[in-house]
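Q: sequence and predicted structure below; questions after.
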Amino acid sequence: MKVISLYFFLFLVTLTSNLTYAAVSEDQMKLLEQLPPDQRASILQKMESASSLQEEIEETFEDASSLIEKPEREGLKKGEDYCSECIYGFNFFQYSPSTFSPVNDTPVSSGYILGPGDVVVVNYFGSNTDEVIATVNREGVVILPQLGPINFLGKTFQEAGNLLTKKVQKELIGTEVILSIREVRSIGVYILGETYKPGRYVMSGLSTVSNALFVSGGVNEKGSLRNIQVIRNNQIIANYDFYDFLLKGSINSDIALQDGDVIFVPFIENSVILGGAFKRPFRYEFLEGETLKDAINLAGGFVSDVLNDPRIELSSVDRLASKRKITYLDYSEGLDREIRDGDVINTSSIAGLSPQSISLTGEIMKPGEYSIQPGETILDIINRAGGYTEQAYFQGAVFLREAVADSQKEAFSRSADQLENTIVDVITKNSIDQVTEFTLSPISVLIRRLRNEDPLGRMVVNLDLLDLKTNPIANFTLEDGDSLFIPKRQDFVSIVGEVLNGTTVNFDPNLTVDQYIQLSGGLNDSADKDKIFIILPNGKSQLVRRSLFTSTNQILPGTTIVISRDSRPFDAINLTQIITPILADLATSAAAIAAISNN
C-alpha cells in the first residue's frame, strides 16, 4: 500500500506541474481504482476543479488577444519605427485588431450617460432590504419593484442616482438606496477614412475617440492625427487633436462616443519637418495658422547645447518659382511667422557644449570622474588630479578608449571571417583529404572566441610626466569616455602559453627570456620556438629577437611572456600567417584585463 501511495503522489505532482486535467486516462483510472472510494471521489473532484480552472485561464488568454502586433512590425527591434517618413505619432499605433469584445469592468465615471442596454444594480437598505438587477430598455426606462418605471434616458450616472434617491425617500419611508452599474452597454462605432482598418467596431459604451483609434490600429500613412472628425446624426460635433494626448498628456479634449457615431480621419493637409538640434526631430502635422513657435514646441524645443538666441534655417517651397527658398531667422524675431506645408526647419548646436568626461582610477592622488574641455590633454588631467602616488607604476598604465575598442572588435570580426573563408576554400577546392577533425576543431574554437570577445580598447601610451611635458606627440588629446588606470608598482613576470607550468615569478633584471621560461618548466612539445613574444606593461607586444652576441628583448616588471602553439598542423590549409597575429591580439587583450583585475 505504501508503494501504491508513493506512485500516486508522484502521479499527482506530475499532473499539478503540467495543469493537464482535461480528461482521466485509462491508466490513471486504474491507479485511482486502487484507492478507497472516498479518496477516489475526492481526487476526481479536485481534478475536475483543476480542469475547470485551466479552461478559464485559456479563455482569459484567448480573450486578451484581441489586439495583435501589426505585420509591418515583424523583424523590427523594440522601439524601432517602421515608417520613418510618416508624421510623428503614426508609429505610436503598434497593434492591429483581430477581434474586440466590449470591456465591462472599467470604472464608470459620474458623467457617464445611461442608455438602452446598460445593466444597473439597485441596493435597498433600511426599512426595506433588497437587491434588484434591471436593464435599461429601449425607451431608456428601468422598471423597479415598489417604485415602478423610472426614466434614465439621457441622464448621467450621477443624475440617475440623485433621481432614484429622491423617489425612494418620497415613496419608501425609512429606506435608502445605492445605484451602481453592473454591465455597460455595447455601442457600434464606424471608423472611416484614412484609417488602418476602416469598418464598424463594437466597443464598450465607455469608449472615447482615443480608445477607438487604438482598437482599430490607428491611422494609415496618409491619415491626419490632428483633425479627426466625430460625426453624430450627420453633423460634425467635434474635431479631435490626438497631439493633445500624445505630446501634452491631456485627455480634456477626448470625446465620449455614442452608438452610431462616425469617426472620420481625413488626409493630412499640412506637415513640417524639424531637423538638427531639436529634442525630438521629426516630421509633424500642423494646423492652419500655426507658427514657427508652435512647430518648435511640437519638437520639444532645443537640446541643451543650443544658445539662447539660435539662428533658425527655414526652407520653404516657392510655388511661383517652383523651387525652394532658404531664409535665416533670429529666434527672438521670427517666432510669430506662420509655417506652410512642406517647410523644413533646421537649427544647429554649438560644438563643445556636450558634456565630456574621463575616469581616473588606481594610483592617482585624486581618483574619480573628471570633466574635460575640448583640446585638453592627458597631462592636463593628470595635473588636475594631483599627479601620481608614490606607489604608482605609470609604465603599466592601462588607457582605454571606446573608439579603439570598436576598431578592435571590427578587426576580430574580420579575422573570424577570414578564417571561415579559408575553411570554405579548403572544402570547395578538393583539399578536404588534408584536413582532419583535429585541424578544424581548434579553428572553430578560435572563431567562436573572436566573435564573442569584447576588447577593452587599450591604447599603448607613454605616461612619463617628463616625456609628456617635453614631447607634444606623447601628450595626446582626450576624448569623451576615456579611462585611465595606474597600477601599483609590480615586481613579477608572467609566463603563459605552451610551457610545462604557466606561472608568475619575481622580476629579476638579470634574467633573460629563456631563463624565465626555464623557471616555468621549459617549453612543451606543442610550443613554437620561433613565435615567442612579450607583452610589456604598457600593452605593447613584440616578438622575441634572438642574437648570438646581444639581447634586444626588454623585460620590465609586469611583463607577460607568451609562448605560442606550433602552427605547423595548420600549414595544410595555409592558416599559419593568419593565426599567429590573431593569437597575439587575443593575448594582448587578455593581458589588459588581467592588469586591471590584479589591482
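A: Cool, the structure landed. Residues are numbered from 1 along each chain as shown.
Q: mind listing what's buried along stretch 376-388?
A: 376, 377, 378, 379, 380, 381, 382, 385, 388 (16 or more other C-beta atoms under 10 Å). Every residue, glycine included, has its C-beta placed from N, CA and C.
Q: what's the neighbour count on residue 150?
A: Neighbour count of residue 150, defined by other C-beta atoms under 10 Å: 19.
Q: could you say which helix or strand holds it?
A: In the assignment (DSSP states H and E), residue 150 maps to strand 148-151.
Q: what about that strand, average pLDDT?
A: For strand 148-151, the per-residue pLDDT values average out at 89.
Q: residues making contact with that strand?
A: With contact meaning C-beta atoms under 8 Å, 6 or more residues apart in numbering, strand 148-151 is reached by 139, 140, 141, 142, 143, 144, 163, 164, 167.
Q: and for the closest residue in space to the third one that isn't next to it in sequence, the neighbour number?
A: Counting by C-beta to C-beta, 6 or more residues apart in numbering, residue 141 lies nearest to residue 149, which is 4.8 Å off, once chain neighbours are set aside. By other C-beta under 10 Å, the residues close to residue 149 number 10.
Q: hang on, the earlier thing: what residues of the next helix or strand after the strand holding residue 150 count as buried?
A: Next helix or strand after strand 148-151 toward the C-terminus (DSSP H and E): helix 157-171. Within helix 157-171, the residues scored as buried using 16+ other C-beta under 10 Å are 157, 160, 161, 164, 168.
Q: kindly report the same for stretch 309-316.
A: 310, 312, 313, 314, 316.
Q: hey, where'd the helices end up in the stretch 151-300 of the chain?
A: All helices of the stretch 151-300 of the chain, identified by DSSP state H, counting those that start in this stretch, fall at 157-171, 209-216, 242-248, 292-298.
Q: please apply the same query to the stretch 401-550 of the chain.
A: Assigned by DSSP H, counting those that start in this stretch, the stretch 401-550 of the chain shows helices spanning 402-428, 437-452, 465-470, 513-519.
Q: pick out the shakiest of those helices, pLDDT-wise.
A: Across the helices of the stretch 401-550 of the chain, helix 437-452 gives the lowest mean pLDDT, at a mean of 70.
Q: ok, so of the buried residues of helix 157-171, who is nearest residue 231?
A: Ranked by distance to residue 231 (C-beta to C-beta), the buried residues of helix 157-171 are led by residue 157 at 25.3 Å.
Q: what sits against that closest one?
A: Contacts for residue 157 were tallied using C-beta under 8 Å, 6+ apart; they are 108, 109, 110, 111, 112, 113, 114, 179, 181.
Q: out of these, flag the one nearest to residue 363.
A: residue 109 (65.9 Å).
Q: quick check: pLDDT value at the closest residue to that closest one other than its chain neighbours.
A: Nearest-residue entry for residue 109: residue 157, 7.2 Å, with adjacent residues in sequence omitted and distances by C-beta to C-beta, 6+ apart. Looking at residue 157, its pLDDT reads 86.
Q: just residue 27 next, same as before
A: pLDDT, residue 27: 59.
Q: before we move on, what about residue 492?
A: Listed pLDDT for residue 492 reads 88.
Q: what's across from it in the sheet?
A: Assessed by DSSP bridges, residue 492 has beta-bridge partners residue 506.
Q: and the gap between it and residue 509?
A: Distance, residue 492 to residue 509, by C-beta to C-beta, to the nearest Å: 13 Å.
Q: neighbour count: the two, which is higher?
A: Ranked by neighbour count (other C-beta under 10 Å), residue 492 and residue 509 place residue 492 first, with 14 against 7.
Q: tell me the contacts of residue 133?
A: By C-beta under 8 Å, 6+ apart, the contact set of residue 133 is 119, 120, 121, 122, 182.
Q: in the sheet, who's paired with it?
A: Here residue 133, judged by DSSP bridges, has bridge partners residue 121.
Q: distance of it from residue 144?
A: In terms of C-beta to C-beta, residue 133 sits 10 Å off from residue 144.
Q: between these two, what contacts are shared?
A: By C-beta under 8 Å, 6+ apart, residue 133 and residue 144 have these common neighbours: residue 122.
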